[in-house]
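Asker: Dropping the sequence and predicted coords here.
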Amino acid sequence: MVILLFGPPGCGKGTQSRFIGEMLRIPAISTGDLLRAASQSASQRIRDACAILFQGGLVDDAVINEMLVSRLEEADCRNGFLLDGYPRTYSQAAFLQQHIVESKRPNPLLIHLDVPRPVLVERICSRRQCSKCSRIYNLVFQPPKVDGKCDVDGGTLSQRKDDNEEVLSERLNAYQRMTESVISFYAEENYHKLDGSLPPEKVSENIARLLVRPLSARTSEAVP
Ligand code: AP5
């Protein structure tokens, strides 16, 4: 399966991509994570391209496309993958589609998590992330058991550099500018808008319900 998780900053893409990845046993690839790692890269060209990330703008399509393709060529993507935060522009959607056709993969399913703006601001400003395993917490909605420590591995929880109101406003504007064009790329049957403002478990439940349908259809098709 190829799943694309789409939605504004703070809608729960990272939270739900972990759930989906574990459920379907496919890698959940966050282009934000790829870029944050690349921003420490030895290459000046890549570091320069990633600088905009911390101001809330979008990184150049060519740079992110190159990184994505090299990640998709890794062995763990053989049976499918989930993309969190890609495509973000029409040209990225077109690029991905070409890659999908050339690599003979099934058409992607786009899951759009819809959340009103005021909720996003509250979520983002109280988000914390484990520095070891990247697990996501929220001081208000999903607090860790021990203050400042990851429940799973005890890693230190920290706040992302771009998680402040000023940069967030730029990120939301960038998202709003591109939303319609990305959605317009996908056929109605491959596009699913879900309410991301529900509690995380409820969102996961709705995603699971949506994904079980194509999975069972595929299984029955496979039976001779
Ligand atoms: P990226 O890392 O993708 O960030 P984003 O899209 O801004 O999304 P976030 O990671 O902030 O939020 P999320 O939707 O994952 O929510 P989360 O699950 O953490 O991108 C960062 C930057 O990289 C971009 O600005 C851009 O510069 C660049 N970039 C990335 N991809 C690119 C691309 N394709 N092209 C060009 N540039 C690119 O949840 C948020 C908080 O809410 C958490 O604290 C969580 O605990 C809580 N929460 C989650 N769900 C719920 C719920 N249902 N109820 C209550 N709380 C919840």
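Answerer: Structure received. Residues are numbered from 1 along each chain as shown.
Asker: my guess is residue 19 is in a strand, correct?
Answerer: No: looking at residue 19 with DSSP: H, G, I helix; E, B strand; the rest coil, it is helix, so not inside a strand.
Asker: Was I right to think it contacts residue 204?
Answerer: Yes: applying CB atoms under 8 Å, one finds residue 19 in contact with residue 204, separated by 4.8 Å. Using the backbone N, CA and C atoms, a C-beta is placed for each residue, glycine as well.
Asker: anything in stretch 120-137 near the ligand?
Answerer: Yes: using CB under 6 Å from any ligand atom, stretch 120-137 reaches the ligand at 123-124, 127, 136-137.
Asker: Where strands are concerned, which of those residues count?
Answerer: Within those, residues falling in strands by DSSP state E are 127, 136-137.
Asker: Can you tell me how far the nearest residue to residue 173 once chain neighbours are set aside is from residue 32?
Answerer: Distances taken as CB to CB, 6 or more residues apart in numbering place residue 56 nearest to residue 173, at 7.7 Å, with adjacent residues excluded. Computed as CB to CB, to the nearest Å, the residue 56 to residue 32 distance reads 12 Å.
Asker: what's the answer for residue 3, then?
Answerer: Residue 3 is 16 Å from residue 32, by CB to CB.
Asker: could you list every residue that touches the residue in the chain that the ligand sits nearest to?
Answerer: In the chain, the residue that lies nearest the ligand is residue 32 (1.8 Å; CB to the nearest ligand atom). Counting by CB atoms under 8 Å, 6 or more residues apart in numbering, residue 32 touches 14, 53, 84-85.
Asker: pLDDT score for the residue nearest to the spatial centre of the chain?
Answerer: The chain has residue 84 as the residue nearest its centroid, 1.7 Å off, counting by CA atoms, centre = their mean. Note for residue 84: predicted pLDDT of 97.
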